[in-house]
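A.B. asks: Next come a sequence and a model predicted from it.
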Amino acid sequence: MSPTTLPAGPEHGHVTFLGAGPGDPGLLTLRAVEALANADVLVAEHQVLDVVRVHAKPGVAVVNTDPGPSSDRHPGTGTPQLTVVDGTSTTVAAPAERDAAHLVMEAARGGRRVVRAVSGDPGLDAYAAEEMLACAAAGVPFEVVPGVAAAVGVPAYAGVPLRDAEGADVRFVDARTASDRCWTEVGASDGTVVVSTTLDSVAAAAGELVAAGRKPDTPMTVTVAGTTTRQRTWTATLGTIAQTLKQAKVLPSPEGGQPVIAVVGERSAAARREKLSWFESKPLFGWKVLVPRTKEQAASLSDQLRSYGAVPHEVPTIAVEPPRTPQQMERAVKGLVTGRYEWIAFTSVNAVKAVREKFEEYGLDARAFAGIKVAAVGEQTAKALIAFGVKPDLVPSGEQSAAGLLEDWPPYDPVFDPIDRVFLPRADIATETLVAGLIELGWEVDDVTAYRTVRASPPPAETREAIKGGGFDAVLFTSSSTVRNLVGIAGKPHNVTVIACIGPATAKTAEEHGLRVDVMAPEPSVHKLAEALADFGMKRRLAALEAGDPVTRPSERRPGARRRRTTT
């Protein structure tokens, strides 16, 4: 296949014009996710690609429609550049004379399913409308998947309802294309005006409204990076917004051209934003939180952190390798099949993975667990077993730990238990708590090393510099080994970084490495640890508001600033 030719297919393809929303990936509709999963080609500007590409299948071709550095045109109208999602994607060079519409048409004519994604809603994108007309003229079938428009979604995330109980009129204006007549009409109205503009043009838009008849003391809110964890909102009036942005030191700025949504009007609830700002007032809003676990282990924890407004960054500190002597594991798996055990206890997702891999090596599957009772130390381990096709018989009803598992584990009864032996596949560095407890309950235990844990490779230089330089707002330590390994592979976190530990033993290890522990979980649970960090963040936020200080993240503090030790 030549580099300028898309793969051939059926004569007629299909184009989906899709609204990617204002920035939050969670605002994609179910229909949008379905269309993205079936796409052969994605066409979008860079920021939109970041939102939609995660839902695309491997091998999808990606057309980046961002204009070049010298272009002064709106996004989506520059020279298209085709890039790839991963190593298996198709690379196609886009000739410079072709705009996005031509490339969409070419991809569709090749019989491919094309998704043309735009920011917000395609019905409000003039360039998407032109491309739809081109498809219609060429007889290429297409559909439209609406998205959340920025002019509606961003005010909602900023805590600025556009209408009140009296049903105020709402007008939408794009300041970049608005005519004098448009400004005159909205200026004569007393309703709410939603203005799409850029940061360095906000003051000019405010001036247009005042010149058109709006009072200078009319409330105004300005939101940048709306619906993302970079969102920031300023409240002022038409007459004071320029000074407000200057005092906030956001203008002049090289980022002055970034888009913003401004809401103007007496009934726009701008004055009530302090009570209605649900998004920016999340306890960890915008915090970069380091999670020293693998993506598989950190998935639910990262989701929880995102619900608090944080931006989790997973850094593996431990790598899993097979045991040095696999014979012990091989004998145990054979014993599992031949009826040697009454129970098998899994204390980690990695233990499940190790047994599953050994099963696959022998051509076995979940049916080999027939007649054997299965225990899981917690919900994540139980989920890994269920994915394997095994429903655990025992999961702790209380604390999800070895101690919690022992609390619910039945003692050995020679009348009801035909076999008195437990198979315990675990890490080489696991503690003896579970083994000792099971023996005390009358069970014989085959304590088998199923995998070894070794220190992971160092993270990228950028991450290491952020850890040591105060680029992270907090780090969650879920075990003593995560403390030792993170410091070993990346260096000690900066003194402005909030240190959160899962329990006293982990906190002691952190202090031994020269770290001040700010937060400690009330019980040894990663989810309780995240809750404790969120509680710390909320108290920190409220203290700043009560003192009349701006709410800042720990990483925004002055270098070398002393921290007060607070244990939650």
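C.D. replies: Alright, I've got the coordinates.
A.B. asks: so how far does stretch 248-262 reach from one end to the other?
C.D. replies: End-to-end span of stretch 248-262 (CA to CA, to the nearest Å): 16 Å.
A.B. asks: what separates that stretch from the chain centre, distance-wise?
C.D. replies: Centre-to-centre, stretch 248-262 and its host chain are 25 Å apart (CA atoms, centre = their mean, to the nearest Å).
A.B. asks: One more: stretch 135-150?
C.D. replies: 28 Å.
A.B. asks: buried set for that stretch?
C.D. replies: Neighbour-count burial for stretch 135-150, counted by 16 or more other CB atoms under 10 Å, picks out 135, 140, 142, 144, 145, 146, 147, 148, 149, 150. For glycine as for every other residue, the C-beta is placed from the backbone atoms N, C-alpha and C.
A.B. asks: same thing with stretch 373-380?
C.D. replies: Neighbour-count burial for stretch 373-380, counted by 16+ other CB under 10 Å, picks out 373, 374, 375, 376, 377, 378, 380.
A.B. asks: Please apply the same query to stretch 180-198.
C.D. replies: 182-183, 186-187, 189, 191-198.
A.B. asks: one step back: which one of the buried residues of stretch 135-150 is nearest to residue 418?
C.D. replies: Relative to residue 418, the closest of the buried residues of stretch 135-150 is residue 145; by CB to CB it sits at 59.2 Å.
A.B. asks: Identify the residues contacting the closest one.
C.D. replies: Taking CB atoms under 8 Å, 6 or more residues apart in numbering, we find residue 145 in contact with 16, 17, 18, 19, 29, 31, 32, 35, 122.
A.B. asks: Tell me which entries of the buried residues of stretch 135-150 lie within strands.
C.D. replies: If you go by DSSP state E, those have 142, 144, 145 in strands.
A.B. asks: With pLDDT added, can I get these in TSV?
C.D. replies: Converted to TSV, these look like this (pLDDT from 0 to 100):
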residue	pLDDT
142	94
144	97
145	97
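A.B. asks: Count the neighbours of residue 177 for me.
C.D. replies: Neighbourhood size, residue 177 [other CB atoms under 10 Å]: 10.
A.B. asks: before we move on, the earlier item: can you name the two of the buried residues of stretch 135-150 that are farthest apart?
C.D. replies: 140 and 150 (27.7 Å).
A.B. asks: So, low pLDDT: which residues of this protein?
C.D. replies: Within the chain, the segments meeting pLDDT under 70 span 1-12, 66-98, 167, 267-271, 294-298, 430-431, 558-568.
A.B. asks: Longest helix in it, by number of residues?
C.D. replies: When the chain is scanned for its longest helix (criterion: DSSP state H), the result is helix 526-546.
A.B. asks: Can you mark which positions in that helix are buried?
C.D. replies: 526, 528, 529, 530, 531, 532, 533, 534, 536, 537, 540, 541.
A.B. asks: what residues does it touch?
C.D. replies: Contacts of helix 526-546 with the rest of the structure, by CB under 8 Å, 6+ apart, involve 281, 283-284, 287, 289, 300-301, 304-305, 308, 474, 476, 478, 498, 500-502, 518-522, 550-552, 566, 568.
A.B. asks: Just the buried residues of those.
C.D. replies: 281, 283-284, 287, 289, 301, 304-305, 308, 474, 476, 478, 498, 500-502, 518-521, 568.
A.B. asks: ok, and the most crowded of the contacts of residue 145?
C.D. replies: residue 18 (31 neighbours).
A.B. asks: Following the chain onward from whichever strand or helix holds it, which element is next?
C.D. replies: Assigned by DSSP states H and E, residue 18 falls within strand 14-19. With elements assigned by DSSP H and E, the helix or strand that comes after strand 14-19 is helix 30-37.
A.B. asks: packing partners for the longest strand seen in the chain?
C.D. replies: As assigned by DSSP E, the longest strand anywhere in the chain is strand 444-455. On a contact count with 3 or more CB pairs under 8 Å, 6 or more residues apart in numbering; DSSP states H and E, strand 444-455 meets strand 318-321, helix 327-338, helix 349-361, strand 421-427, helix 433-440, helix 480-490.
A.B. asks: Could you say which of the ones you listed is packed most deeply?
C.D. replies: Highest mean neighbour count among those (mean count of other CB atoms under 10 Å): strand 421-427, with a mean of 22.
A.B. asks: In three-state terms, how would residue 221 be classified?
C.D. replies: Put simply, residue 221 is strand when judged by DSSP: H, G, I helix; E, B strand; the rest coil.
A.B. asks: And the longest helix of the chain, how far out from the chain middle?
C.D. replies: In terms of CA atoms, centre = their mean, the centre of helix 526-546 is found 19 Å from the chain centre.
A.B. asks: what do you get for stretch 435-454?
C.D. replies: Here stretch 435-454 is found 37 Å from its chain centre; the criterion is CA atoms, centre = their mean.
A.B. asks: repeat for stretch 457-465
C.D. replies: 20 Å.
A.B. asks: Alpha carbons only: can I get it in CSV?
C.D. replies: Extracted in CSV, the C-alpha atoms of stretch 457-465 (Å, rounded to 0.1, in the frame of the first residue of the first chain):
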residue,chain,number,x,y,z
SER,A,457,12.5,0.4,36.3
PRO,A,458,12.8,4.2,36.9
PRO,A,459,10.0,6.3,35.5
PRO,A,460,10.7,8.9,32.7
ALA,A,461,13.0,11.8,33.5
GLU,A,462,10.1,14.2,33.4
THR,A,463,8.3,12.3,36.1
ARG,A,464,11.4,12.0,38.3
GLU,A,465,12.0,15.7,38.0
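A.B. asks: on that earlier part again, turn the buried residues of helix 526-546 into TSV, columns for distance to residue 357.
C.D. replies: Shown next, in TSV, are the buried residues of helix 526-546 (distance: CB to CB, whole Å):
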residue	distance to residue 357
526	25
528	31
529	30
530	30
531	34
532	35
533	34
534	36
536	40
537	40
540	44
541	46
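A.B. asks: Now do the SS call for residue 184.
C.D. replies: Relying on three-state DSSP, one would call residue 184 helix.
A.B. asks: in what helix or strand does residue 304 lie?
C.D. replies: helix 295-307.
A.B. asks: What pairs with the next helix-or-strand element following that helix, parallel or antiparallel?
C.D. replies: Counting by DSSP H and E, the next helix or strand C-terminal to helix 295-307 is strand 311-314. Here strand 311-314 is paired, per DSSP bridges, with strand 288-291 (parallel).
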